[in-house]
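In: One predicted model, sequence on top.
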Amino acid sequence: MVGRKSLLKATHKKPVKSRVGEDEESKRKKAILDGVKRSSDSIKATLQAFGLPQSTYYGWLKRYEAKGLDGLKTGNPVSDELWQRFIRFKKKQKKLADKSKLTMEETQTMKSEQDKEKIKKLLFKRFDEKPSKQPERAVPPEAEPTVQAGKPKTVKEPPPPPQEPMDKTVKYAVGALAFVIAILLLASLSNSNKFYFKQSDQMVEVWQGRFAPMGEHLVASFSDPKILEAAPEQEAYTKKQAFGILSGYFIKRADELLNTGETPDLKTVKSYLTHASKYALSQSEQQAIRMRLNSIEFLVLLGKADLALNKGTVPEFEAAKGYLAQAVPLASTDLQKDVLMKRLAAVEYALATIKISKGEKQLADLYREALNRHLQKAKEYSPEKAQEIDLAIGKIKKWLDEFDKKHVGVTR
């Protein structure tokens, strides 16, 4: 009790800033999250063991689930004192696990040897109860059979002792034991395919198996209790049901961010969809999530290309060319691909004309103005606006023809 009180008192001291960089800081926090997750004790007991406040732990966990290792670069730092306590805690846990494993193996070996010895004694009990041999009595001379002339002397051998059958009780006991073991194994293996949710005030944990051969296994833990709002109330779930609950939760969170009416945080949306793909079991679900991720990446690349083109410099045009080339395979419709290819061709042509007519600044400005108008029209890729986009492209092509006729000497 004295050691625990002193440890809890130490946790209320002002945290000492860590001397490591942001990357090492996030790695330390990730190691602590993994250590708590793998611990056989409860989260509360584990955190008390090395003096980490629960609020700090759940704050790290929430940031990691939302933004991965980048999310762990902010928040309360891991002081050197806390890190050393965690290292000592891990070493202590490893020693206890090794000792427990060794004791369990010795106990199982001892029980196995004792059972073998008992069965051996039961099976061969009759050999231990044989009567001691009596000395052979001498046959008196007058009792010896006389041999008649012309007939060989014959000696009668004693009959073999009767074979005693194996004790039926032993047979029944061995058969019943084998039957019980088979039933337990079948029930245990069947139970290993079941999943369970354990909920506390601030955490939801997903466990696989109960009384299975390999014991319980922690699949995942989450800091949002709302994850079970759409889950049916039942004791156990199949893998399809449990993973469907998790995947549906992350897709719902991504949709909420996209439908706020404001500019969404696409990085967080991608994080939610990536988590959802981990628990999508069917190929159709994985494909649907993959298409949504591609659409988000498609919008990000278009935004980068527009930003680069608006700057109007040759290096930025080169960067825009790269962004558009990356966006082409992510387009979900033929119309999007066609417009992207035309935009890419226009950017490549602009780079070529800029190199040809460096002194024609006014002409280059006119081209950029026309191109920007076209880009603004081409931002929306719905089929009902295909005719409007084609008209904008036609205007650009007409201007390019006039440019070629005047400066390049080629009529297209």
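Out: Arrived safely.
In: if you go through this structure in chain order, where are the helices?
Out: 2-11, 22-38, 43-50, 54-67, 80-123, 125-128, 168-191, 239-258, 266-278, 283-311, 314-327, 334-356, 361-377, 386-403 (DSSP state H).
In: so where's the stretch 101-250 of the chain uncertain?
Out: 102-112, 115-116, 119-168, 171, 180-191, 201, 210-215 (pLDDT under 70).
In: Low-confidence stretches in the stretch 251-400 of the chain?
Out: For the stretch 251-400 of the chain (pLDDT under 70), the answer is 354-368, 370-386.
In: So this structure: which segments form each domain?
Out: 2-104, 196-281, 292-408 (automatic domain parsing).
In: so what's Leu258 up against?
Out: 264, 269 (C-beta atoms under 8 Å, 6 or more residues apart in numbering). For the C-beta atoms, the positions are set from N, CA and C on the backbone; glycine is no exception.
In: how close does it sit to Ala308?
Out: 25 Å (C-beta to C-beta, to the nearest Å).
In: Same question for Tyr323.
Out: In this view, Tyr323 and Ala308 are 7 Å apart by C-beta to C-beta.
In: try Leu266
Out: 18 Å.
In: With Ala346 instead?
Out: 14 Å.
In: Then Thr56?
Out: 41 Å.
In: ok, the nearest residue to Val219 once chain neighbours are set aside - contacts?
Out: Once flanking residues are discounted, Val219 sits nearest to Val206: 4.3 Å by C-beta to C-beta, 6 or more residues apart in numbering. Listed by C-beta under 8 Å, 6+ apart, the contact partners of Val206 are 195-197, 218-221, 242, 246.
In: quick check, nearest of the residues you listed to Phe50?
Out: Nearest to Phe50 among those is Ser221, at 18.2 Å by C-beta to C-beta.
In: Beta-bridge partners for the closest one, please?
Out: Glu205 (DSSP bridges).
In: wait, doesn't it sit right on Gln202?
Out: No: the criterion here is C-beta atoms under 8 Å, and Ser221 misses it with Gln202 at 10.5 Å.
In: residues touching the residue lying closest to Ala31 once chain neighbours are set aside, list them.
Out: Ranked by C-beta to C-beta, 6+ apart and with sequence neighbours excluded, the top spatial neighbour of Ala31 is Phe86, at 7.6 Å. Listed by C-beta under 8 Å, 6+ apart, the contact set of Phe86 reads 31-32, 35, 50, 52.
In: do Val78 as well
Out: Val78 touches 18, 25, 28-29, 32, counting by C-beta under 8 Å, 6+ apart.
In: pLDDT wise, what is the closest residue to it other than its chain neighbours at?
Out: Of all residues not flanking Val78 in the chain, Arg28 sits nearest, at 4.4 Å (C-beta to C-beta, 6+ apart). Each residue has a pLDDT score; the one for Arg28 is 91.
In: ok, Arg28 - how many residues close by?
Out: Look at Arg28: counted by other C-beta atoms under 10 Å, it has 20 neighbours.
In: Report the separation between it and Ala49.
Out: According to C-beta to C-beta, Arg28 stands 17 Å off from Ala49.
In: isn't the residue nearest to Val78 right next to Trp83, touching?
Out: Yes: the pair Arg28 / Trp83 is scored as a contact, 5.9 Å apart, by C-beta under 8 Å.
In: Indicate which one of the domains of the chain is closest to Phe179.
Out: Nearest to Phe179, of all the domains of the chain, is domain 196-281, at 18.0 Å by C-beta to C-beta.
In: Next, the distance between the ends of that closest one.
Out: For domain 196-281, the first-to-last residue distance is 18 Å (C-alpha to C-alpha, to the nearest Å).
In: My guess is Trp207 contacts His217. True?
Out: Yes: in this structure, Trp207 is within contact of His217 by C-beta under 8 Å, at 6.7 Å.
In: So those two - more neighbours on which side?
Out: Trp207 (17 against 12).
In: May I have stretch 331-339 as CSV, with CA atoms only?
Out: Taking C-alpha atoms only, stretch 331-339 is exported to CSV below (Å, rounded to 0.1, in the frame of the first residue of the first chain):
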residue,chain,number,x,y,z
ALA,A,331,-11.3,9.2,-61.9
SER,A,332,-14.5,7.2,-61.4
THR,A,333,-16.2,8.0,-64.7
ASP,A,334,-15.2,8.2,-68.4
LEU,A,335,-16.2,11.9,-68.4
GLN,A,336,-13.9,12.7,-65.6
LYS,A,337,-11.0,10.9,-67.3
ASP,A,338,-11.7,12.7,-70.6
VAL,A,339,-11.7,16.2,-69.0
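In: Name the residues of that stretch that are buried.
Out: 331, 335-339 (16 or more other C-beta atoms under 10 Å).
In: burial of the closest residue to Leu72 other than its chain neighbours, as a residue count?
Out: Among residues not flanking Leu72 along the chain, Ser26 sits closest, at 3.8 Å (C-beta to C-beta, 6+ apart). The burial count assigned to Ser26 is 23, neighbours taken as other C-beta under 10 Å.
In: Ser26 and Gln202: what is the separation?
Out: Taking C-beta to C-beta, one finds Ser26 at 22 Å from Gln202.
In: Cool, thanks, talk later.
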